[in-house]
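Visitor: I'd like to go over a predicted model; first the sequence, then the structure.
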Amino acid sequence: MINSEQILAEDLKQMLADRAERLARQNDGFADGLDEIGGLLARYDPAPSPLLNAIDQKGQDFAAYFFAAYSDTHDLDKSILVYKAVKSLVRYILLMDRYYEVGNKKYERIARGLMQTIKKSHDGHLKYSIDFAIKQFWPFWDFEQLIKKRMIKGHAFTVNELRHFNLFKSSDAPIIYARVLDSELHNFNPNIATIMHYNQALLDIQDDFEDIEEDVQDMMPNIFILAATEHTSYSKILKNQDHARKLIVGNGALDSVLSIIEQYNKLVKEIPVPQNFAFLKHLSRDYTNKLLGTLNVIPK
C-alpha cells in the first residue's frame, strides 16, 4: 500500500523533472532556477539529524551537480544519485573541517560513516578512487593552519597569496565532487571541473565575506581578512573585533579581492565546454553579479 510519504516523494520527483526540463531550455536565470531545484531536493531528501541539517546549510551548489547530471542524461534517478553523493561528500568535508578546528571526535566518526555509505552506493571508479581524491585535498587543512600562523604573526598577504588560498580552499570541487560526475557521465571532461572550481571559489568568497566577524573571533583565515593585512595589521583587526568589517572594507582590501574575481571571470569565458554544460558559465556570471552586488552595497 502506498503511503502519503511515498506519494509526496513521487510528486517531488515529478516537480524536479519538470523544473529541470524548463531550466534546460532557458538561456539565463540559472542561479535562481537552481535555487528552486535545491529547495525541491532538500524536501525530497531531508537531513536525518539536526547536525547534518546545520551542515547542509553551509553546503553550496548541490543543485548544480544535480542539474549537470540531468543536462547530460535527462535521467532523473541518476541525477538524484549524483546529488546525494555530492551532498554526502560535502558533509564529509565540512565535518572533517570542523573536526580539525575543534578536535571533537564525534565529527570524525560521523564523517567516516558517510564515506562508507558512499562507497556502498556507487559502482564505477568512484568506489575505489574517492579515497585517493580525499587524500589529494587533505593537505589543505595543514595549509590553512600554516596560513593562520602566518596571519597571527603579522604577515602581509599579497594578491597572489590570496588567490592561492582561495583556489586551494575551493579545490574540493574539482578534486572530489566533480569526480562523481566523471564517474557517472559519459560527456564529462576536465574543462567542466575547472569551471566548477572557479564557481566554487566565487561562492567561497561570498561565504568569507558573510563570515568575517565569525572568522575574526575564531582567528581563522578568510580572504578578506588576509587582504586587509596589506593595509592594516592583523593585531589591530583582532583588537577591534566589533568593528572588524568596517576596518576591512574601508582600507582597500576589497580592491585585491575584486581583481581576483575579475580574473576568474576572464578565465571562465575562455574555457570551452560541451553545450550541455554551458550553464556553468552562466552560473559564473550569476555568482559574480551577486558577489559584486554584496560588496558594492556595503558602506565604507
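Guide: Nice, thanks for sending it over.

Visitor: show me where the chain has strands.
Guide: With DSSP state E as the definition, the chain shows no strands.

Visitor: Just the buried positions in the longest helix that the chain contains, please.
Guide: Ranked by residue count and defined by DSSP state H, the top helix of the chain is helix 76-102. If you call a residue buried by 16 or more other CB atoms under 10 Å, then helix 76-102 has these buried ones: 76, 78-99. C-betas here are computed from N, CA, C, even on glycine.

Visitor: if I look at residue 105, how far off is residue 95?
Guide: Distance from residue 105 to residue 95, counting by CB to CB, to the nearest Å: 11 Å.

Visitor: let me fix that: residue 259
Guide: Taken as CB to CB, the span from residue 259 to residue 95 is 33 Å.

Visitor: what do you get for residue 292?
Guide: For residue 292, the distance to residue 95 equals 32 Å [CB to CB].

Visitor: CA atoms only: put stretch 89-96 into CSV for me.
Guide: What follows is stretch 89-96 as a C-alpha-only set of coordinates in CSV (Å, rounded to 0.1, in the frame of the first residue of the first chain):
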residue,chain,number,x,y,z
LEU,A,89,30.9,14.2,0.3
VAL,A,90,30.3,17.9,1.2
ARG,A,91,29.0,16.7,4.6
TYR,A,92,32.2,14.6,4.9
ILE,A,93,34.5,17.6,4.1
LEU,A,94,32.6,20.0,6.4
LEU,A,95,32.5,17.6,9.3
MET,A,96,36.2,16.8,8.9
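
Visitor: residues in contact with that stretch?
Guide: Residues from elsewhere that reach stretch 89-96 (CB atoms under 8 Å, 6 or more residues apart in numbering): 52, 55-56, 58-60, 62, 107-108, 110-111, 114-115, 118, 130, 134, 137, 141, 172, 176-177, 180.

Visitor: which of these are buried?
Guide: Among the contacts of stretch 89-96, the ones that count as buried (16+ other CB under 10 Å) are 52, 55-56, 59-60, 62, 107, 110-111, 114-115, 118, 130, 134, 137, 172, 176-177, 180.

Visitor: so of those residues, which ones are in helices?
Guide: Applying DSSP H to the buried ones among the contacts of stretch 89-96, the entries found in helices are 52, 55-56, 62, 107, 110-111, 114-115, 118, 130, 134, 137, 172, 180.

Visitor: Farthest-apart pair in those residues, please.
Guide: Across those, the two members that end up farthest from each other (CB to CB) are 107 and 180, 22.2 Å apart.

Visitor: Pop out the phi and psi values for residue 232.
Guide: In terms of degrees, to the nearest 10, the main-chain angles of residue 232 are phi -140, psi 140.

Visitor: I'd like to know how many residues surround it.
Guide: When counting by other CB atoms under 10 Å, one arrives at 20 neighbours for residue 232.

Visitor: That one and residue 250 touch, don't they?
Guide: No. Residue 232 sits out of contact with residue 250 when judged by CB atoms under 8 Å, with a separation of 9.1 Å.

Visitor: wait, what's in contact with residue 212?
Guide: Contacts of residue 212 were listed using CB under 8 Å, 6+ apart, and they are 222, 224, 225, 244, 245, 248.

Visitor: Dump the residues you listed into CSV; add neighbour count and pLDDT as well.
Guide: CSV is the format used below for the contacts of residue 212 (neighbours: other CB atoms under 10 Å; pLDDT from 0 to 100):
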residue, neighbour count, pLDDT
222, 27, 94
224, 23, 96
225, 25, 96
244, 23, 86
245, 16, 88
248, 26, 86
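
Visitor: Could you identify the most distant pair in those?
Guide: Largest separation among those by CB to CB: 222 and 245, giving 11.1 Å.

Visitor: Would you indicate which residues of stretch 112-129 are buried?
Guide: Neighbour-count burial for stretch 112-129 flags 114, 115, 118, 122, 126 (criterion: 16+ other CB under 10 Å).

Visitor: what about that stretch, distance to the chain center?
Guide: Remark: stretch 112-129 is offset 20 Å from the chain centroid, using CA atoms, centre = their mean, to the nearest Å.

Visitor: How about stretch 206-219?
Guide: The chain centre lies 16 Å from the centre of stretch 206-219; the measure is CA atoms, centre = their mean.

Visitor: distance between the ends of that stretch?
Guide: The first residue of stretch 206-219 is 18 Å away from its last residue (CA to CA, to the nearest Å).

Visitor: What of stretch 46-60?
Guide: The straight-line separation of the ends of stretch 46-60 (CA to CA) is 15 Å.
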